[in-house]
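Asks: no FASTA, just this:
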């Protein structure tokens with residue numbers, strides 16, 4: 001049987017020293033309104049930043065991001081979606097950015113998908129802002145299936161980057177999920193992801209805290225950890 005959230009929090013307090021220390025470290029999600037008002041170009045920019053961050057040092061990618069903004073026309077979705085193959089080839093030789101052709105192509109692919117999202121929902125922010133956190137793994141799945149290079153943890157980390165409330169399947173969180181008997185390995189199947197979602201929904205109902213805050217608190221109860 002899973003621990004009650006108050007017991008999880010008590011373990012985290014013991015490890016971190018005080019409830020205040022925990023509260024000061026917790027991420028805060030954006031409101032649905034703020035997410036809806038975020039420009040489509042910013043969603044494409046952060047999605048692309050996540051694609052380039054995968055497997056690379058984040059500070060190195062972030063340091064080059066002003067050059068990426070310039071190279072990708074400030075991530076104007078329509079403009080990037082219309083990039084020709086020749087333009088992509090040119091970007092692959094641009095020394096101001098990271099010249100990874102597969103990731104460069106993914107930016108155009110994601111721009112084209114986001115055009116479909118905009119056509120259906122009015123804006124990317126309308127889709128992301130209105131998606132229920134009680135089924136956040138469903139949004140992960142959509143990003144994985146429809147987006148380019150948004151599988152694994154990229155979808156959830158992109159959502160965290162833009163401020164959408166989501167938990168993360170870090171090594172620490174996976175360890176706790178296994179310890180609590182929710183799953184027996186890193187979740188990849190829909191069954192396991194839904195089991196984790198159910199566990200977080202239960203703790204969300206008990207605590208009233210955002211999923212991102214619960215995720216970090218849970219991570220504090222698993223040995224050595226890194227900030228989520």
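Replies: Everything's here; your move. Remember, it's a predicted structure, so these values are computed and weren't measured experimentally.
Asks: look up how far residue 202 lies from the residue nearest the centre of the chain.
Replies: The chain has residue 157 as the residue nearest its centroid, 2.2 Å off, counting by C-alpha atoms, centre = their mean. Residue 157 sits 23 Å away from residue 202, taking C-beta to C-beta, to the nearest Å as the criterion. All C-beta spots, glycine's among them, are computed from the backbone N, C-alpha and C.
Asks: same deal with residue 7?
Replies: From residue 7 to residue 202 the distance is 13 Å (C-beta to C-beta).
Asks: pull out the buried residues from the helix or strand containing residue 15.
Replies: For residue 15, the host element (DSSP states H and E) is helix 5-16. With burial defined by 16 or more other C-beta atoms under 10 Å, the residues of helix 5-16 counted as buried are 5, 8, 9, 11, 12, 13, 16.
Asks: ramachandran angles for residue 153?
Replies: Note on residue 153: its backbone torsions stand at phi -100, psi 0 [degrees, to the nearest 10].
Asks: nearest residue to it in space, please, no chain neighbours.
Replies: residue 169 (6.2 Å; C-beta to C-beta, 6 or more residues apart in numbering).
Asks: can you report phi and psi for residue 71?
Replies: Backbone geometry at residue 71, expressed as degrees, to the nearest 10, gives phi -60, psi -30.
Asks: OK, contacts around the residue lying closest to it once chain neighbours are set aside?
Replies: In space, and not counting its chain neighbours, residue 71 is closest to residue 97: 5.3 Å by C-beta to C-beta, 6+ apart. Contacts for residue 97 (C-beta atoms under 8 Å, 6 or more residues apart in numbering) come out as 64, 67, 68, 71, 91.
Asks: neighbour-wise, which of the residues you listed leads?
Replies: residue 68 (23 neighbours; other C-beta atoms under 10 Å).
Asks: most remote residue from this protein's center?
Replies: No residue in the chain has its C-alpha farther from the mean C-alpha position than residue 86, which lies at 30.8 Å (C-alpha atoms, centre = their mean).
Asks: which helix or strand contains it?
Replies: Assessed by DSSP H and E, residue 86 sits inside helix 85-91.
Asks: what's the following helix or strand after that helix?
Replies: Helix 85-91 is succeeded, C-terminally, by helix 101-121 (DSSP H and E).
Asks: in the chain, where is pLDDT below threshold?
Replies: 223-228 (pLDDT under 70).
Asks: one more time with 80
Replies: Where the chain drops to pLDDT under 80, the residues are 1, 223-228.
Asks: ignoring the adjacent residues along the chain, who's closest to residue 25?
Replies: Here the residue nearest residue 25, using C-beta to C-beta, 6+ apart, is residue 216, at 6.6 Å.
Asks: what does the helix or strand encompassing residue 204 rub up against?
Replies: Using DSSP H and E, residue 204 sits in helix 190-207. If you take C-beta under 8 Å, 6+ apart as the criterion, helix 190-207 is touched by 2, 4-6, 8-9, 133-137, 140-141, 167, 169, 177, 180, 182-183, 185, 187, 209-211, 214-215, 218.
Asks: in strands, which of those residues appear?
Replies: Nothing among the contacts of helix 190-207 maps onto strands, per DSSP state E.
Asks: now that we have the residues you listed, which of them are buried?
Replies: Among the contacts of helix 190-207, those classed as buried by 16+ other C-beta under 10 Å are 2, 5, 8-9, 133, 136-137, 140, 167, 169, 177, 180, 182-183, 187, 209-211, 214-215, 218.
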